[in-house]
Each structure stands twice: as C-alpha cells, then as structure tokens.
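Trainee: sequence and predicted structure are below.
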Amino acid sequence: MRLYSLSVLYKGDPKVHLLKAAYDVSTFNFFQRSSVQEFMTFTSQLIAERSALGSRASVKEQEYLCHVYVRSDGLAGVVIADNEYPQRVCFTLLDKVLDEFSRQVSKMDWPSGSPATISYSALDGYLSKYQVRTPGT
C-alpha cells in the first residue's frame, strides 16, 4: 500500500491550478520519475477540474486510485495511491491537509498562488507519515 502524490489545488475561474504538492516516486525507475511526477500533476489538476465544488470522489486512472476532495470555497486536495490504500484514510488525510492549509495560507493568495510562491511545507511530512510501510521496505 503506497501513497504517490498529495496535492493542494485551487479550483478558480476559469481553471484549476496547483498550489503545492509532494510526491514519492522513489519506487519508480530513476529515468521514469520526472514523467511519472508530471503525469500525477496533470491527473490531479484534471480530476479537480472535473469535480464539483463540495464533492468527494475516487477515480481509477491506470493502476492508481485518485481521491479528490473539492471544498465549497474552491480549495481542492488530491491523493494518488495504489488500489490497496484505504479510501477512508485518504479522505481523512485530505480533510486534515485542507483545513491546515486554509488556516496557514491566506485565502487572498489562492487565486494567484503557485508552488513557488505558496509557503506551506507540511505536505512532504504528511506523505511520509501516511505511507504504509511493509516489512522489508
């Protein structure tokens, strides 16, 4: 059971943009890592874009399960995990991350923010903390 990506996005008008993200692509071949990360960024944006405000959904994309939560204020979170990772845990993580993000990052910064301008460093820690370690890894 693995988590590969945790993203915070803003579903504004006209499109969704990434505010902050963390990735764990360590299980992929070194030469595949950047393209896998690009795929995860693109997929996260696409799923958030296609989800209604105030909705939660789980979408299967290739061998991944993507869990999205779009709050009514436009803040969205996406977790990309393998098929075995518990859905309930993913949504608990998204709730926690989006609540914390909205307390630490001003709502005024969401529409114009980008990973380079948003100061929020907790995503890597959450991705690591919620990673399920199997014996021998």
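Mentor: Received it, and whenever you're ready, just let me know what you need.

Trainee: low-confidence ranges, the chain, go.
Mentor: Applying pLDDT under 70 to the chain picks out residues 133-137.

Trainee: just give the closest residue to Arg71, not the sequence neighbours.
Mentor: Ranked by C-beta to C-beta, 6 or more residues apart in numbering and with sequence neighbours excluded, the top spatial neighbour of Arg71 is Leu98, at 6.0 Å. In short, each C-beta sits where N, CA and C put it, glycine included.

Trainee: so where does that neighbour fall, helix or strand?
Mentor: Per DSSP states H and E, Leu98 falls inside helix 87-104.

Trainee: which residues does that helix contact?
Mentor: Applying C-beta atoms under 8 Å, 6 or more residues apart in numbering, the external contacts of helix 87-104 come out as 3, 6, 8, 19-20, 56, 58, 65, 67-69, 71, 73, 75-79, 81, 120, 122-123, 126, 130.

Trainee: with stretch 42-54 instead?
Mentor: Applying C-beta under 8 Å, 6+ apart, the contact partners of stretch 42-54 are 5, 7, 9, 11, 15-18, 21, 57, 59, 61, 64, 66, 68, 70-72, 74, 76, 78, 80.

Trainee: just how off-centre is that stretch within its chain?
Mentor: 11 Å (C-alpha atoms, centre = their mean, to the nearest Å).

Trainee: can I get it as CSV, trimmed to CA atoms?
Mentor: The C-alpha trace of stretch 42-54 is given here as CSV (Å, rounded to 0.1, in the frame of the first residue of the first chain):
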residue,chain,number,x,y,z
PHE,A,42,-1.6,16.6,-14.7
THR,A,43,-4.0,14.0,-13.4
SER,A,44,-4.6,15.8,-10.1
GLN,A,45,-5.4,19.0,-12.0
LEU,A,46,-7.8,17.2,-14.4
ILE,A,47,-9.7,15.4,-11.7
ALA,A,48,-10.1,18.5,-9.6
GLU,A,49,-11.2,20.4,-12.7
ARG,A,50,-13.9,17.8,-13.4
SER,A,51,-15.2,17.6,-9.8
ALA,A,52,-17.9,19.8,-8.5
LEU,A,53,-17.5,22.2,-5.6
GLY,A,54,-18.2,20.5,-2.3
